[in-house]
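J.: Only the shape, not the letters, is given here:
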């Protein structure tokens, strides 16, 4: 691979003076790799722009502005409504796409910052030459990085080259959002794709570094099961809660517990992706739940010490912790919380200051010290908090409910418009069922509390009414396994590309659900039963584990963890999303033997036309989710979001009624061939779970499907459509290319429809959008 | 004009905001002026109505009086299919919004786009966004109405925020006035 050479001199005495801590970096020394370099190593946005424009010509942006103004410079505020342009000349479409780009830059920068910190932490611990060993079955260790940059990282130090590139590119893309830079909405969208691609490199760097060095499961389909839920914590023990995404401070806590012989005496649990990482690192750790479980757990008063790292942490965490008498330790420079820097202080002194309330919390940058302080503080604090009751009593619930004026300000603040007033009216009469019912639909944002003019702690009342439900939250989740094995890809490559496995469905993203998390579980189960390959990551992976069947088993206990039909793979945290895009890339590389190194367009073209993969980010909330999705789009993988995802303000939609949009080249002849709307959309916000299920099945169809594969995919699409909408879809004629595509069991019915629509047989080409892939001109 | 705020208070609209209409006769006149009307039905319409009104029959009655097409975006299509109104179509809301913004779209009957689109029964924020897309990118060829019991500032015409009882009363009166 390309390698930077660094010479470090600790101390040197010479005739011209004394040198200390000198570090000399000598460019990049190119190390040969058996695969020849492709056309786009370390690409700038211009290098891949032609590919982006092909996608954006088919999947045109549809803007739904979230704000009609621009207030980013002192010319403004500018009214951009309808056909107006702002003082800088920008119009509404460009402003919306500019905002999508800003969001994606935030998301990608967040993963990149996370990756950089992790790599630095691991280099300090294990050295720059520590090997990136991901296990016997993973030879293509970094498919995204190889594809994008053209380097083949073999050591931790190699990952720095990839990060250098990503950081530089993100800066350029963010710069494009400044006033008076990019002015064209389509070029903003191309930059969005670029940032998404960079994000996947950063995520891959983060996850392969931690997987290789921290003893995480390495592509293990039989990764262990871990405890999940509010009810799994032994509240008789001191409890340390970690929130965020970065495992580094978590390692300090676990290591200190083990070193001090305290295993089994202290509970270590996590919320959001840090929880995934903790369970990948240690069997002692437990997962409380996804991001929206933060206040659910904290308001119970159970945690003694809260250790925060980075991303998606409630920014009022110190206020919430103070309410329950817990102490907070901040560990990331991205989130000081206003705490004093105690990195260089004596651990016992820090503990004392925290417990006596002399300091509101501590910022500690040394992760070993974080471990010691957190454990010692928890051990001291727990006995002092045993009688502490955080939630109100039932009498208090009634008292508070009687204060309600029925002004409905709470409902007007609730993102899901939940019927809070009605539930409070019932609670005022001592009936708590309606209040408890809200628990399943509430995302615990507490906007209701802030809106209440008489100060009713509404969320705490919901939590109290649901206390029994919370205590019964005891589930099992398969620990994040990391990458997909090369051997698994060899097994499933052919049936995926030929369409015989109906698709890969990836449930990813956050927990901002419009109708509760159960919908996600139902969708997951539906695709598992239909023998799709189902992959999960992040908060979505946790939600999938938070429901049991009648026998008390979660989907993780019912379905194997292989990357295969009818299996459920938890890859891990947000950064493990790179293994999902990585799997699609590896199908092109391992199964189809397409050149991987710096060969982005060809591989993306392959995935778009051949790999039936769809992402469902049902509760997508964050800017990171936006950049993750955009990385999938550039690779030709469609993403469906839930109704709140419409707030990303831009969809990428195809038009099945425009025949001219659906032509490809036949790579064998160069002839332009109509292939139908496959896949029909790239980014799509579904209104309901049922719509998402049907759409996902449809979006798995690809131009290259064999007739057998297309028949299988059509069977699922039609069957789901009939199940939820009670009738045949009206676009079947666009997906049947030949009679052999028709599922046998539906033949008569479909032939009738085809006759009505005046259907004619279509060619099945060797599809590509890239003219340069044509082997012979017609 | 009466002062009306968005139902979800943080969904600050503007500068162009819907005309709030609390007089069903006036709204009936405005809708009747259209040449080609589409009524779009979201999955929340049943939930909103809370059994106080048979929503599918109501929408079909409105459509019959207006000679309008009905677009159903969700599983309610099963109920509509049972009732057999001829011009009822199933289409996801995002796809419909995408078609509506295109002045060249031919509509469900192949004869041209609509000039009046009436929305009912969507999650507030979801409808808010769809309406805003149409407000900016389809304003030259269509007008929109929100029939939900919440003020939707991005529609051309919207009801104000109403209690369930007042809303049901309004809907019935609107039908009578068409």
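T.: Done, it's in. The model shown is predicted, which means the values in this text are computed figures rather than measured ones.
J.: For residue A:746, which non-adjacent residue is spatially closest?
T.: residue A:718 (6.1 Å; Cβ to Cβ, 6 or more residues apart in numbering or on different chains). In this view, the C-beta of every residue, glycine as well, is placed from N, C-alpha and C.
J.: and the gap between residue A:367 and residue A:208?
T.: Look at residue A:367 and residue A:208: by Cβ to Cβ, to the nearest Å, they are 20 Å apart.
J.: Looking at these two, which is more packed in?
T.: Between residue A:367 and residue A:208, residue A:208 has the larger neighbour count (other Cβ atoms under 10 Å in any protein chain shown), namely 31 against 23.
J.: quick one, what contacts the more buried one?
T.: A:132, A:134, A:141, A:142, A:153, A:159, A:482, A:483 (Cβ atoms under 8 Å, 6 or more residues apart in numbering or on different chains).
J.: So, low pLDDT: which residues of the chain?
T.: Since you didn't name a chain, this refers to chain A. Scanning chain A for pLDDT under 70 picks out A:1-32, A:776-778.
J.: My question was about chain B, not that one.
T.: Short version for chain B, where the test is pLDDT under 70: B:1-3.
J.: which of the residues in stretch A:137-151 are buried?
T.: Under the neighbour-count criterion of 16 or more other Cβ atoms under 10 Å in any protein chain shown, stretch A:137-151 has A:137-138, A:140-151 buried.
J.: Also stretch A:637-657?
T.: Of all the residues in stretch A:637-657, those buried under the rule 16+ other Cβ under 10 Å are A:637-656.
J.: If we check chain B, which of those are in contact?
T.: Filtering these for proximity to chain B by Cβ under 8 Å from any Cβ of the partner chain leaves A:643, A:644, A:646, A:647, A:649, A:651, A:653, A:655.
J.: farthest pair in the residues you listed?
T.: A:644 and A:655 (24.8 Å; Cβ to Cβ).
J.: list the contacts for the spatially most central residue of chain B?
T.: In chain B, the centroid-proximal residue (Cα atoms, centre = their mean) is residue B:119; its distance is 1.7 Å. Applying Cβ under 8 Å, 6+ apart to residue B:119 gives the contacts B:40, B:42, B:127, B:130, B:131, B:144, B:145, B:146, B:147, B:148, B:152, B:155.
J.: right, is the helix or strand containing the third one up against chain A?
T.: For residue B:127, the element it lies in under DSSP states H and E is helix B:124-137. Yes: contact of helix B:124-137 with chain A is found when judged by Cβ under 8 Å from any Cβ, involving B:124, B:125, B:126, B:129, B:130, B:132, B:133, B:135, B:136, B:137.
J.: hang on, the fifth one packs against residue B:93?
T.: Yes: the criterion here is Cβ atoms under 8 Å, and residue B:130 meets it with residue B:93 at 6.3 Å.
J.: intersection of neighbour lists for these two?
T.: Here residue B:130 and residue B:93 share the contacting residues residue B:122, scored by Cβ under 8 Å, 6+ apart.
J.: Look at those two and report which has more neighbours.
T.: Neighbours were counted for residue B:130 and for residue B:93 using other Cβ under 10 Å; residue B:130 has more, 31 against 27.
J.: Great, nothing more from me.
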